[in-house]
Structure formats: C-alpha cells, structure tokens
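A.B. asks: 3D, please:
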Amino acid sequence: MRNRLRGWWAVPLLVLLGITASLGAENRIVPGQTISITVLGSPELSQTVLVKEDGTTEYPLLAGVPLDGMTATEVRDLLLPILSRFVDRPRVFVTVSDIIPVPFRVQGQVRRAGSYLSQGPIDLQAALTMAGGPTELADLRHVVILRGNKTNTKSIEVNLFAALDSMNVPMIERNDLIVVTAVNSQSYVRVMGAVRAPGNYLSTHGMDVIDMIMMAGGASKEADLKRVRFIHRTPDGSYTINQLNLKKLVSATVHRDIPLVGPGDMIFIEERPWWSRGREVWPWVQSITSIVSLFVILQRI
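C.D. replies: Numbers count the residues shown, from 1 in each chain. Just a heads-up that it's a prediction; the model follows:
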C-alpha cells in the first residue's frame, strides 16, 4: 500500500508531455481543437480559430455554422463557394490541430474537485492528479466513472490499485464524470454538484432524493433541477443511473415517483449554463449597457 501511494505522483511521462495520437487528414473535428484557414493572397481572410463547445468558431465567413463532426476537406469545400464571392479563384488550405482536448469532471474525495480540460489523451490516474490527488479518506478501490449522455449513461467502477498493478488504467473520455468515494462511504449517501454543502450524509429509512438535497443545504442558485443524476447502489454492489427532472417531480400532485435513497447512493445536480440564469445575468448586462451608453454620450459632448 505504501509503495503504491508513494508512486502516486509518478504520472506517466507521455501523459505529462501531452503526446497524442496522430490524426489523419480525414479525422472528424471536435470542440476544443483549433482550425487554421489559409487563403493565399488574402491575409485578412486567413485565421486560426478555436472550435467552441457548440461546434461553431469565430471565423467571420462561417459564423454560427457548427463545424464539429466535419473533416478539414469538408470545411474547405464549404468555404470555397463563399470565398468565391470575395476572391477570384480562391486557393484555401484548412488544417486541424492534432490535439484532441478531453474535458472531464472530478467529484468526491479529491483535493480540488471541479471541471478540467486535458490537452490530449489522459488516464484515470492522471485525471485524479490534475484534481490535486486523492484525500486521505479516498477509497481508490471504488472509483466510479460516469460516461454517456442524458439518455444513455453507464457507470464504470474501477479498483485503481488493481488497475495500476496490471498496468491497465482506464482512459478518460470526453465529458466523463469521475466520482471518488470515501472509505466506508457505503454507510452514507453522497450529495454532489450544485448544492450548498456537498458531502456524505447519513440516511434513515424512508428518506428520498429531495430529503438528502435538503440535508446538503438545498440546491444552489446555479442548480438545474431538471438535470439530476441519481446513482443507486444495488445489493450486488453495482450501480444503476437514473436521470431525474426534480422540478417536474416536485410539482406533481403525488410525490411517490421521487426515488428513496439507501447507503452507498450518490446524487449529482448539474449546473445551469450561465446564459440561462436570466435573473442573475440581467442586472450585470444592464450595468454594462449603462456604462457603454454613458461613454457614447460623453464622446458626443
């Protein structure tokens, strides 16, 4: 055990150096990559732009067009007829960066829980290292990786010690959620994400998901109660994942559809995107608008 922990920080050199698999010309574009567009003889139309999470870029002639899922050749073919309006017989070259970033989140018994972005492939050990490493209470024999989307999520339970011994540490995929449970956490329900006091809480018979959220101080202002993951530990030690719309369940006349909790369960509340927090964002927008208006008035005096 001591030797294993002593070697914790010996993250594989290839991961630290960010060595990535080489991408062929026809690899599909993913968010986080950069696209270099070169138009011969037209430096004002030549730019290197970042592919945002929604797949769009800041390239003026492709503003609002999602490019994720396309190849460099397809982007060039898309650009050619547009460029022909401004350049006679345009010659355009499109290249995509080799690095494929991997966004992921880490929750539970790590020193810096949160969202992270790896510039290239990353395994579970290196991902936990980016989050500050495990705490003294971390149960590295029961690390859970939640993978998938809203409609199809699966859980992968990893014994990290066994994975290190066999040199078979799983790789992290885009948008994975890694949950590091606490030793003896099977006696508790863990509440994570957009709550005021995340942590482990003892549950009693008959308590449900909402009871546990209230024990964790209630949902925060950023909470999206339409996107709650309830990870239930079954008697055989495996996990089942339920996507809950608590806002809908609470507003229902009968609350019997709100799941009951048991030892070893986990609850994760997603945060709303910043642009959907209307009431919180609007005062800030009004303030910026007032400052800009005042600046324009002063310029005219």
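
A.B. asks: residues in contact with residue 64?
C.D. replies: Listed by Cβ atoms under 8 Å, 6 or more residues apart in numbering, the contact set of residue 64 reads residue 56. In short, each C-beta sits where N, CA and C put it, glycine included.

A.B. asks: roughly how far does it sit from residue 219?
C.D. replies: From residue 64 across to residue 219, the span is 33 Å (Cβ to Cβ, to the nearest Å).

A.B. asks: kindly report the same for residue 188.
C.D. replies: From residue 188 to residue 219 the distance is 19 Å (Cβ to Cβ).

A.B. asks: and for residue 58?
C.D. replies: Counting by Cβ to Cβ - residue 58 and residue 219 are separated by 34 Å.

A.B. asks: pick out whichever of those two has more residues nearby.
C.D. replies: Taking other Cβ atoms under 10 Å, residue 58 and residue 219 do not tie; residue 219 has more neighbours (19 against 11).

A.B. asks: tell me the helix or strand right after the lowest-mean-pLDDT helix or strand in the chain.
C.D. replies: Across the helices and strands of the chain, mean pLDDT, DSSP states H and E gives its lowest value to helix 13-16, namely a mean of 41. Helices and strands here follow DSSP states H and E; after helix 13-16, the next one along the chain is strand 34-39.

A.B. asks: show me how far that following strand is from its chain's centre.
C.D. replies: 27 Å (Cα atoms, centre = their mean, to the nearest Å).

A.B. asks: what does the average pLDDT come to for it?
C.D. replies: In this model, strand 34-39 has an average pLDDT of 94.

A.B. asks: following that strand, which helix or strand comes up?
C.D. replies: Counting by DSSP H and E, what follows strand 34-39 is strand 47-50.

A.B. asks: mind listing what's buried in the helix or strand just after that next one?
C.D. replies: Per DSSP H and E, the first helix or strand lying C-terminal to strand 47-50 is helix 72-83. Going by neighbour count (16 or more other Cβ atoms under 10 Å), the buried part of helix 72-83 is 72, 75, 76, 79, 83.

A.B. asks: which among the residues you listed gets closest to residue 145?
C.D. replies: residue 72 (31.4 Å; Cβ to Cβ).

A.B. asks: doesn't residue 92 make contact with that closest one?
C.D. replies: No: taking contacts as Cβ atoms under 8 Å, residue 72 lies outside contact range of residue 92: 10.7 Å.

A.B. asks: from residue 178, how far out is the closest residue to residue 196 other than its chain neighbours?
C.D. replies: Once flanking residues are discounted, residue 196 sits nearest to residue 217: 3.1 Å by Cβ to Cβ, 6 or more residues apart in numbering. Using Cβ to Cβ, residue 217 is found at 23 Å from residue 178.

A.B. asks: ok, the nearest residue to residue 113 once chain neighbours are set aside - how many residues close by?
C.D. replies: Computed as Cβ to Cβ, 6+ apart, the closest residue to residue 113 that is not its neighbour in sequence is residue 107, at 5.1 Å. Residue 107: 22 surrounding residues under other Cβ under 10 Å.

A.B. asks: what bridges to residue 107?
C.D. replies: Counting by DSSP bridges, residue 107 is bridged to residue 179.

A.B. asks: how close does it get to residue 130?
C.D. replies: According to Cβ to Cβ, residue 107 and residue 130 sit 13 Å apart.

A.B. asks: repeat that for residue 89.
C.D. replies: In terms of Cβ to Cβ, residue 89 sits 48 Å off from residue 130.

A.B. asks: show me which of these two is the more surrounded one.
C.D. replies: residue 130 (19 against 9).

A.B. asks: who touches the more buried one in this structure?
C.D. replies: By Cβ under 8 Å, 6+ apart, the neighbours of residue 130 are 106, 116, 118, 122.

A.B. asks: surely the second one touches residue 107?
C.D. replies: No: here residue 116 lies out of contact with residue 107, judged by Cβ under 8 Å, at a distance of 11.5 Å.

A.B. asks: need the strands for the chain, in chain order.
C.D. replies: Here the chain has its strands, by DSSP state E, at 34-39, 47-50, 92-96, 102-108, 114-118, 138-148, 153-158, 176-182, 189-193, 199-201, 223-233, 239-244, 266-271.

A.B. asks: what comes up buried for the fifth one?
C.D. replies: Within strand 114-118, the residues that qualify as buried are 116, 118, counting by 16+ other Cβ under 10 Å.

A.B. asks: sweet, I'm off.
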